[in-house]
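[1] Below are the sequence and a predicted model; questions follow.
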Amino acid sequence: MTDHPDFSVVVKSRGRPPNPWKWEIYRAGRKSPVKQSEVYFSTVTEAHRAGKKALSLFISEFHDELTEEWLPKFGRSKTSE
């Protein structure tokens, strides 16, 4: 799952050739990225593809954290039992 209305992947030129491209994950309403690549890529396509994979993992981890945080406070709904 890489589509999420609150998060997006942006590819920016942050380095010098031959590998200037980095991906960054932004959350809606924030000016700074919540996560960014530690490595540089030679093409926009490579960076975007890696960023989409990172976003999918990030959303999965984010969802797990929310579940762990909210479930003890509010319990399971009757529809999830």
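    Done, it's in. Predicted model, so just to flag it, every value in this text is computed and none were measured.

[2] Not counting its own residues, what contacts stretch 32-50?
    Stretch 32-50 is touched from outside by 7, 9-11, 14-15, 18-27, 51, 54, 58, with contacts defined as C-beta atoms under 8 Å, 6 or more residues apart in numbering. For the C-beta atoms, the positions are set from N, CA and C on the backbone; glycine is no exception.

[3] what ranges do the strands span in the chain?
    For the chain, the strands defined by DSSP state E cover 7-13, 21-27, 35-36.

[4] low-confidence ranges in this protein?
    1-3, 66-81 (pLDDT under 70).

[5] Centroid-nearest residue for it?
    Nearest to the centroid of the C-alpha atoms of the chain, with distances taken as C-alpha atoms, centre = their mean, sits Leu55, at 3.0 Å.

[6] Spit out the contact partners of Arg14.
    Pro20, Trp21, Lys22, Tyr40.

[7] For the last one, grab the count of nearby residues.
    Other residues near Tyr40 come to 17 when the count uses other C-beta atoms under 10 Å.

[8] start the count at 712, not 1, going forward
    Fine by me, first position is 712 from now on; the one you just mentioned is Tyr751.

[9] quick one: it from Pro728, how far?
    The gap separating Tyr751 from Pro728 is 10 Å, by C-beta to C-beta, to the nearest Å.

[10] For Ile736, which non-adjacent residue is closest in space?
    Lys746 (4.3 Å; C-beta to C-beta, 6 or more residues apart in numbering).
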